[in-house]
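Novice: sequence first, then the predicted structure:
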Amino acid sequence: MRRLRNVKIVATLGPASSDYDMIRKLHEAGADVFRLNMSHGSHDEIRERHAIIRKVEQDLDSTIGILADLQGPKLRVGVFARGEEELVEGASFRMDLDPAEGDANRVNLPHPEIFKALEAGAHLLVNDGKIRLRVESCGADFADCTVITGGTISNRKGVNVPDVVLPLAALSDKDRKDLEFVCELGVDWLALSFVQRAADVEEARELAGKRAAILSKIEKPAGVKAFDEILAVSDGIMVARGDLGVELPVQNVPPIQKRLIRKCRAAAKPVIVATQMLESMIDSPMPTRAEVSDVATAIYEGTDAIMLSAESAAGDYPVEAVTTMNNVAVEVESDPTYTEVIEASRAAKRETIADGIVAAAREIAETTDIKAICCYTQSGTTALLVARERPRVPILALSSQQSAARRLALTWGTTCVITTELHRFKEAVVVAARAATELEYAGKDDQIVVTAGVPFNTAGTTNILRVAPCDERLIYSTDPG
């Protein structure tokens, strides 16, 4: 399915978007990748949604990516005798391992690993940061705090610990079970929550093997601090601004978002900007002007994808939310300023033959009348490198590996075409010319750029480029092979 934009849209599925008709409408409206949130829904529900996505993919003959988002470790307080208490600014409040019901002076925090990592002066944030506590003293089973920002604290509210790297297992028991389930199911991307260090990613990769690509969610200060190491071992990144905005001053989030997007682009790894993008559309058919500007800003920054969460999973207007994102993207990308910004942020990287090939492909396409860059790729690496260049012309990624094509559904500017396994470069040129004309990216009288690697069907061997006509008769008449 041809899109009139380069940025991709990720839509989360949930109660408002769980049947065939709605999922099909979401894809037709612009959703390129569907997110399965493992924090909600049983395995049976996830399996059913996965099957529906694949049915839509088959019926529309359109490659669709599926991202399974693991819950990650959830830190929560215990329960209160009265259900809730009011904490007053300046008051003392204790968190401890005592399982007894809480009151206005204390509550259970059943996470000994937190107490092991805490130091005096650290902060504890409760209920998405609405309540802020400063640790005055602490031990192996308690933390005595002062209430910095008061409010109502109630049963099992979430706790954030922004100032320390917690010695938590990267994957909970639930995450491990969910990981195995979705990998066997056949998802394309596996999102890891609350990544703090590169070892978190390596643990998940060891369990997933080659069954899914690993996407790290950056939502903790520790993840930002260790970002370069995390990026090096990840296949993609999500800038998850929800918890990031809780644990850091909100004014810090925009520059972090911009910086992480640029680093991901330089590394040729896809990046998603997520959380609260069109949140008012959960119960309104129209977004706020600020939300539209937020979406537009992420697109101007060059992100690969933008994501809807509750808007499409539980909102009243899921199709309208996707349509709004699509329309904003089309409008932004038609703005001459968008091209100027994207090209000004292009960092020259010429370390390998493949880097040189894709840079040459982009330069040729933009200085002559080339209609598309077609890359034959097995692992997806060539398409990722071409996308890093952010060319002005469409990118057609041709692959005999369905898994690679589906993963590329998350990558900027790529339209994925699944082919039979090819053995000669001329075959790739012919297939590329057919795909470009059938998808109406080019006419019979037009030319395309084709890149591939020789020997064929070997990952990481991008080493050949050809400017080719779209007319097959001309291909054969000009090719000595």
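Specialist: Arrived safely, thanks for sending. Numbering: from 1, shown residues only.
Novice: first vs last residue of stretch 25-41, how far apart are they?
Specialist: Using Cα to Cα, to the nearest Å, the end-to-end distance of stretch 25-41 comes to 21 Å.
Novice: swap in stretch 393-404?
Specialist: One end of stretch 393-404 sits 21 Å from the other (Cα to Cα).
Novice: strands of the stretch 151-300 of the chain, start to end?
Specialist: 151-154, 159-160, 189-192, 213-218, 236-240, 271-274 (DSSP state E, counting those that start in this stretch).
Novice: tell me the strands beside the second one, with direction?
Specialist: Meaning strand 159-160. strand 123-126 (antiparallel) (DSSP bridges).
Novice: on that earlier part again, can you tell which of the strands of the stretch 151-300 of the chain is closest to residue 125?
Specialist: When those are compared by Cβ to Cβ, strand 159-160 sits nearest residue 125, at 4.1 Å. (Each C-beta comes from the backbone N, C-alpha and C, glycine too.)
Novice: what's that closest one in contact with?
Specialist: 75-77, 109, 111, 114, 124-126, 128-129, 243, 246-247 (Cβ atoms under 8 Å, 6 or more residues apart in numbering).
Novice: sort out which residues of the helix or strand hosting residue 322 are buried, please.
Specialist: Here residue 322 is covered by helix 318-333, with elements defined by DSSP states H and E. Under the neighbour-count criterion of 16 or more other Cβ atoms under 10 Å, helix 318-333 has 318-330, 332-333 buried.
Novice: try stretch 398-413
Specialist: Those would be 398-401, 403-413, for stretch 398-413 by 16+ other Cβ under 10 Å.
Novice: identify the farthest-apart pair in these.
Specialist: 400 and 412 (22.5 Å).
Novice: now, which of the buried residues of stretch 398-413 lie within helices?
Specialist: 403, 404, 405, 406, 407 (DSSP state H).
Novice: ok, of the residues you listed, which one's closest to residue 337?
Specialist: Once Cβ to Cβ is applied, the member of those that ends up nearest residue 337 is residue 407, at 30.7 Å.
Novice: can you give me the helices in the stretch 201-350 of the chain?
Specialist: Assigned by DSSP state H, counting those that start in this stretch, the helices in the stretch 201-350 of the chain fall at 221-225, 227-233, 241-247, 253-266, 289-300, 310-313, 318-333, 336-344.
Novice: against which helices or strands is the last one packed?
Specialist: Of the remaining helices and strands, those touching helix 336-344 by 3 or more Cβ pairs under 8 Å, 6 or more residues apart in numbering; DSSP states H and E are helix 289-300.
Novice: tilt between the helix it packs on and strand 236-240?
Specialist: 160 degrees (axes from the mean of the first three to the mean of the last three Cα atoms, to 10 degrees).
Novice: quick one: average pLDDT of helix 289-300?
Specialist: Helix 289-300 comes out with an average pLDDT of 98.
Novice: any regions of the stretch 351-481 of the chain where pLDDT drops low?
Specialist: 457-460, 476-481 (pLDDT under 70).
Novice: where do the helices of it begin and end?
Specialist: Counting by DSSP H, counting those that start in this stretch, the helices of the stretch 351-481 of the chain are 353-367, 381-388, 402-407, 425-438, 472-478.
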